[in-house]
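In: how would this look folded up:
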Amino acid sequence: MPASEGARYAPAPIPRPVISEGGFVFAAAHLDHGHIYGMTEGLLGAGATLKWVFDPDPAKVAAFVERFPQVQVARSEEEILADAVVHLVAGAAVTSERAALGLRTMAAGKDYFTDKAPLTTFEQLADVREATARTGQKYAVYYSERIHVEAAVLAGQLIERGAIGRVLQVIGLGPHRIGDPATRPAWFFEKEKYGGILCDIGSHNFEQILHYTGATDADIVSSSIANYAHPEFPELDDYGDAHVVTDTGATGFVRVDWFTPDGLSTWGDGRTILLGTDGYIELRKYTNIATDDGPGQLFLVDSDGEHRINATGTVGYPFFGELILDCLRRTETAMTQAHALKAAELSLQAQARARVLS
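Out: Here you go, the predicted structure:
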């Protein structure tokens, strides 16, 4: 890429920590999903201080302490919630239990940061909306496939600068590798607990559709789910798709699945394609297959030509610092509460209305 083009598409500077040691204290509780590690690392990188960890399973706690030896082990969830020093609780509980943990956290006067999907039922959604309005506490969500992927962060920056004009369509592809089912917890295969594939993995993609199009609402035009190849787990959706129309007039398509072959170098070839009036962007987030390019590849085509940008190590993850400052200042820079829960609502609607293909 010529130097002039590099300047034109240059990423914003990597954000520095926004707070000094002890200025923003958080705890980690309920470690059922490995995303808790990414959530913790993101907050630490933005300057937050990790004080507590709690999980009923000593093995999960031991693994977490090995990764973050500075943390104190709490005897109970109540010990964390009673600590006035703690600003925020980060949790990656079983998906169906995330809303209840959030309600307890907010009732204790603390902000909550949950793994996606943030909830699994419309009743939970109503309870969370009521509690956030009543308490004023935050129910933040770790939509990691956008906020913790540098290519996705850079795409957002370029769209804000008008690099591809108005966004007309977002295609989100979220393939995952299921691996050895014996290594998965039992709840992974129970729909009541994981919520279904469009509720779970699909929540990433619905959030991206809203974000990149600048939409505040959307309609589910159609959706489908299937169990094509795992009859031994009858409640598992191993495939899902959805077609969405946003209130900006843009469209979105989501496809998620558990069919990543063993030959792929990583867990999934996640991609996002953004069509604009003046160009398009493709994100090859985790791999650029059959090349040595590595992850974090952003491809942009506009009237000036074709451009490839390796976003790795260029933009960082501004969400985490923005979230910390939002909690301290009671602002909504990182992500609005309405946006976080609208993505969850679309996930629930797509799952509930899905045509079963198998």
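
In: bridged to Ser223, which residues?
Out: Per DSSP bridges, the residues bridged to Ser223 are Ala242.

In: for it, which residues are in contact?
Out: Ser223 sits next to Leu198, Gly240, Asp241, Ala242, His243, Ala350, Gln351, Arg353, Ala354, Arg355 when contact means Cβ atoms under 8 Å, 6 or more residues apart in numbering. C-betas here are computed from N, CA, C, even on glycine.

In: which of the three states applies to Val53?
Out: Secondary structure for Val53, judged by DSSP: H, G, I helix; E, B strand; the rest coil, is strand.

In: would you confirm that it contacts Pro69?
Out: No - the pair Val53 / Pro69 is not scored as a contact, 10.9 Å apart, by Cβ atoms under 8 Å.

In: ok, those two, which is more surrounded?
Out: Between Val53 and Pro69, counted using other Cβ atoms under 10 Å, the more crowded position is Val53 (24 against 7).

In: so what pLDDT did that one get?
Out: The per-residue pLDDT reported for Val53 equals 98.

In: who does it bridge with?
Out: Going by DSSP bridges, Val53 forms beta bridges with Ala28, Val73.

In: for it, give me its contacts.
Out: Each residue near Val53 by Cβ under 8 Å, 6+ apart is listed here: Ala27, Ala28, Ala29, Leu31, Val61, Phe64, Val65, Phe68, Val71, Gln72, Val73, Ala74.

In: tell me which residues of the longest helix that the chain contains are tucked away?
Out: Taking DSSP state H as the criterion, the chain has its longest helix at helix 337-353. Using 16 or more other Cβ atoms under 10 Å as the test for burial, helix 337-353 gives 337, 339-351.

In: now stretch 197-216
Out: Judged by neighbour count using 16+ other Cβ under 10 Å, the buried positions of stretch 197-216 are 197-213, 215.

In: please report the distance of the closest residue to Pro181 other than its chain neighbours from Arg98.
Out: Spatial nearest neighbour of Pro181, excluding adjacent residues (Cβ to Cβ, 6 or more residues apart in numbering): Phe233 at 7.0 Å. From Phe233 across to Arg98, the span is 22 Å (Cβ to Cβ, to the nearest Å).

In: for Glu82, give me its contacts.
Out: Actually, residue 82 is Ala rather than Glu. By Cβ under 8 Å, 6+ apart, the neighbours of Ala82 are Ala108.

In: which residues in the stretch 51-200 of the chain form strands?
Out: Ranges of strands in the stretch 51-200 of the chain, per DSSP state E, counting those that start in this stretch, are 72-73, 88-92, 111-115, 139-142, 167-175.

In: ok, Pro15 - how many residues close by?
Out: Using other Cβ under 10 Å: Pro15 sits among 17 other residues.

In: which residues touch it?
Out: Ala46, Gly316, Tyr317, Pro318, Gly321.

In: so which of the residues you listed are in helices?
Out: For the contacts of Pro15, the ones inside helices are Pro318, Gly321, with DSSP H as the criterion.

In: how about the contacts of Pro15 in TSV, adding pLDDT and neighbour count?
Out: TSV is the format used below for those (pLDDT from 0 to 100; neighbours: other Cβ atoms under 10 Å):
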residue	pLDDT	neighbour count
Ala46	98	23
Gly316	97	19
Tyr317	98	21
Pro318	98	20
Gly321	98	24
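
In: and of the contacts of Pro15, the nearest to Tyr228?
Out: Using Cβ to Cβ, Tyr317 comes nearest to Tyr228 of these, at 34.7 Å.

In: residues touching the closest residue to Arg129 other than its chain neighbours, list them.
Out: Leaving out its chain neighbours, the residue that sits closest to Arg129 by Cβ to Cβ, 6+ apart is Leu341, at 6.2 Å. Residues near Leu341 by Cβ under 8 Å, 6+ apart: Pro118, Leu125, Val128, Arg129, Thr132, Tyr139.

In: select from those residues the one having the most neighbours.
Out: Each of these was scored for neighbours by other Cβ under 10 Å, and Pro118 scores highest at 27 neighbours.

In: Tyr280 and Gly214, how far apart?
Out: From Tyr280 across to Gly214, the span is 17 Å (Cβ to Cβ).

In: nope, Asp304 is what I meant
Out: Taking Cβ to Cβ as the measure, Asp304 falls 24 Å from Gly214.

In: same deal with Gly196?
Out: According to Cβ to Cβ, Gly196 and Gly214 sit 27 Å apart.

In: check Ala90 too.
Out: Note on Ala90: its distance to Gly214, by Cβ to Cβ, is 28 Å.
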